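Trainee: with the input below, show me the fold.
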Amino acid sequence: MKVASIHEIKQELSTLPPGELVELCLRLAKFKKESKELLTYLLFESHSLDGYMASVKEFIALEFDGLGTGNLYFAKKTLRKILRITNKHIRFTGSKQAEVELLLFFCGKMRRSGIKMEKSVQLVNLYTQQLRKIEKALETLHEDLQYDYRRQLDNLTFV
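Mentor: Residues are numbered from 1 along each chain as shown. This next block holds a predicted model:
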């Protein structure tokens, strides 16, 4: 079966009556949890980006509070899980500013978590990869925001 392009889907959706469009959205939301989460964001939370980022930061903080630093293997697994969820929320917003802010928050929490990152090459690589993503997203922001976020980023780089 050939999958239609976004353009073709957009054209077809524009021809549907509103009631049928609602039914299609509900049916789509039933199949995958992430689709339902995205629809929830778009309908209820997209009007307040700051409030949404605050709730995501609160979730990240709660996950870091439950992070065990004793066993490095489990700490790595939990960090990857937190990062996966953070990236999902970044995709939902579609905002470079939200990406920078959430990744800075994640890296700050990771740095202060008490995990011995220097003992794990994977954790060092994960951390530096996030710093590179922040750098790349920073380049697209306004100069004033770049200055503010760059100061935060400088505090997170390895010495």
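Trainee: quick one: contacts of the longest helix seen in the chain?
Mentor: Of all segments of type helix in the chain, defined using DSSP state H, the longest is helix 72-93. Helix 72-93 is touched from outside by 34, 37-38, 41-42, 46, 49, 52-53, 56, 59-60, 63-64, 66-69, 98-99, 102-103, 106, 110, 113, 115-116, 119-120, 122-123, 126, 130, with contacts defined as C-beta atoms under 8 Å, 6 or more residues apart in numbering. For glycine as for every other residue, the C-beta is placed from the backbone atoms N, C-alpha and C.
Trainee: just the buried subset of these, please.
Mentor: Under a neighbour-count criterion of 16 or more other C-beta atoms under 10 Å, the subset of these counted as buried comprises 38, 41, 52-53, 56, 60, 63-64, 67, 98-99, 102-103, 106, 110, 113, 115, 120, 123, 126, 130.
Trainee: quick check: domain ranges of this structure?
Mentor: Segmentation of the chain into domains, based on automatic domain parsing, reads 1-31, 33-156.
Trainee: among those, which is the most enclosed?
Mentor: domain 33-156 (a mean of 15; mean count of other C-beta atoms under 10 Å).
Trainee: that one: end-to-end distance?
Mentor: Using C-alpha to C-alpha, to the nearest Å, the end-to-end distance of domain 33-156 comes to 34 Å.
Trainee: also stretch 34-54?
Mentor: With C-alpha to C-alpha applied, stretch 34-54 spans 20 Å between its terminal residues.
Trainee: now do the helices in the protein.
Mentor: For the chain, the helices defined by DSSP H cover 6-15, 18-31, 33-40, 49-65, 72-93, 96-111, 121-138, 143-156.
Trainee: redo those as JSON lines? Include mean pLDDT.
Mentor: Formatted as JSON lines, these follow (pLDDT from 0 to 100):
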{"stretch": "helix 6-15", "mean pLDDT": "88"}
{"stretch": "helix 18-31", "mean pLDDT": "88"}
{"stretch": "helix 33-40", "mean pLDDT": "88"}
{"stretch": "helix 49-65", "mean pLDDT": "94"}
{"stretch": "helix 72-93", "mean pLDDT": "93"}
{"stretch": "helix 96-111", "mean pLDDT": "94"}
{"stretch": "helix 121-138", "mean pLDDT": "93"}
{"stretch": "helix 143-156", "mean pLDDT": "88"}
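Trainee: that'll do, ta.
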